[in-house]
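>>> only the shape, not the letters, is given here:
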DNA sequence: GACTCTATCTCGGTA
DNA sequence: TACCGAGGTAGAGTC
């Protein structure tokens, strides 16, 4: 990784055009070739950047970074204040816990936590417009399509609506009911879900993990 | 800006849990307090981060960064390889050209480029669920609601559908037709638009800019 | 503060 | 490769 602190101007021409007036910034060039230009604030996002793969041509007072789509980043170096290179080596990568996939797994293991009497038919039930998170049957035998989200927003309700529209074309399933499940369901999503005739349920991730542990203890 | 190259492990607990095994990484602390941990590859996004505002407690061998929502980033420093601080000063900020707003302006100036005979009623037409990009009338006098996107994907079609549903409640407008406009309309968005009874149109940004220049020349 | 929408979104999976 | 969906989305704007 090459770190350069420099007074510079930067121009990007590609999906849009962008220009950075003269100022002191950090220019980061990673081992994979990607370039990022950071100011001393404004969260983690760089002001300007070029992902790998690309080719960097160092013309001394200005660098030209070009990617295969012919997008171009031009960095004009007016004054180099500091420069350093470091070998970091490979990174083992980030391990995550608590993303939507985990929530879906937990709910598939304990569908009764969504609604009493619910039994799982299938996870990732395939349709022509994409898989439905969970398909279940309720106590009365009716098919229930379930959309799982970490954060329940309006988009998720629309997604569920599309799936159910699709399932209604499959006459073998009979009438299909929709349930929208999330850790938090936003007010507007609640309204839309109800307007579409769906029920919505908020679930707690830690409780679910506890439930699953309890179930495992029974075996 | 403080730059530290160190062998470290990192744990984040907040909206999800994430863990980084031991490796050499760049730790960047900006003047506004935000912290980012970078590997030597993988585009501009850091492996882990904590935005401002937050409080950083330096316990020597480990840092604890906490934000107001009680989300926490813990950095265990096993070996500090390099450390440096730099004063960058304020940044004048990025100037952009070619984002959706510009596309919308150009289309508002030349609605005929979407469909022959179209005239603008209003840009950012207000509704209870957000503004409609463009509302026009066609040659026959029918109201046309237009959603503009740089990249036309399925979400944009749903957005248009919600707006039109809303406009239909306003009986004074009569029947409302939907048109989905983007520089590129993705296949799934085309299908959904057609299924919803909307037409879709692809437009070219540079051509539009040319058209507008031509119109200006007439005055 | 809640809600909206954009983004050079990024990133990962999959067909 | 293109397409699709999730994201600790972030960030800006509006109400």
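That came through fine. Source: prediction; values computed, not measured.

>>> could you report the neighbour count for residue A:213?
Residue A:213 has 9 neighbours, counted by other C-beta atoms under 10 Å in any protein chain shown. Placement of C-beta: from N, CA and C, glycine included.

>>> helix/strand/coil for it?
helix (DSSP: H, G, I helix; E, B strand; the rest coil).

>>> where does it land on pLDDT?
Residue A:213 is assigned 70 on the pLDDT scale.

>>> residue A:219 too?
For residue A:219, pLDDT reads 57.

>>> I'd like the distance between residue A:172 and chain B.
Going from residue A:172 to chain B by C-beta to the nearest C-beta, to the nearest Å gives 22 Å.

>>> and that residue, how far from DNA strand C?
For residue A:172, the distance to DNA strand C equals 22 Å [C-beta to the nearest atom of the strand, to the nearest Å].

>>> quick check on that residue: phi, psi?
For residue A:172, the backbone dihedrals (degrees, to the nearest 10) come out as phi -70, psi -20.

>>> count of residues packed around it?
6.

>>> and the gap between it and residue A:143?
According to C-beta to C-beta, to the nearest Å, residue A:172 and residue A:143 sit 10 Å apart.

>>> and residue A:101, by the same measure?
Taking C-beta to C-beta, one finds residue A:101 at 23 Å from residue A:143.

>>> between those two, which has more neighbouring residues?
Neighbour totals were compared for residue A:101 and residue A:143, and residue A:143 leads with 19 against 12 (other C-beta under 10 Å).

>>> residues in contact with that one?
If a contact means C-beta atoms under 8 Å, 6 or more residues apart in numbering or on different chains, then residue A:143 has A:121, A:135, A:136, A:137, A:167, A:173, A:174, A:175, A:176, A:177 as its contacts.

>>> any chance of the residues you listed in CSV, with distance to residue B:159 too?
Listed next are those as CSV, based on distance: C-beta to C-beta, whole Å:
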residue, distance to residue B:159
A:121, 32
A:135, 27
A:136, 30
A:137, 34
A:167, 24
A:173, 29
A:174, 32
A:175, 29
A:176, 25
A:177, 26
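
>>> narrow those residues to just the buried residues.
When the contacts of residue A:143 are checked for burial by 16 or more other C-beta atoms under 10 Å in any protein chain shown, the buried set is A:121, A:135, A:136, A:137, A:167, A:176, A:177.

>>> which one among those sits at the bottom for pLDDT?
residue A:167 (86).

>>> part of a strand, is that residue?
No: with three-state DSSP as the criterion, residue A:167 is assigned helix and is not in a strand.

>>> roughly how far does the closest residue in space to it that isn't next to it in sequence sit from DNA strand D?
Nearest non-adjacent residue to residue A:167, counting by C-beta to C-beta, 6 or more residues apart in numbering or on different chains: residue A:176, 4.6 Å away. According to C-beta to the nearest atom of the strand, residue A:176 and DNA strand D sit 18 Å apart.

>>> domain parsing for chain A?
A:2-85, A:100-217 (automatic domain parsing).

>>> where do the helices of chain A begin and end?
Under the criterion DSSP state H, helices of chain A are mapped to A:100-109, A:154-168, A:187-195, A:205-217.

>>> nearest to residue B:7, of those?
Nearest to residue B:7 among those is helix A:100-109; the distance by C-beta to C-beta comes to 29.5 Å.

>>> quick one: distance of the closest one to the chain centre.
Its chain's average C-alpha position is 16 Å from that of helix A:100-109, according to C-alpha atoms, centre = their mean, to the nearest Å.

>>> run through who's touching that helix.
Helix A:100-109 has contacts (C-beta under 8 Å, 6+ apart) with A:113-114, A:120, A:123, A:133-134, A:146, A:148-150, A:181, A:183, A:203, A:205, A:208-209, A:211-212, A:215.

>>> brilliant, that's me finished.
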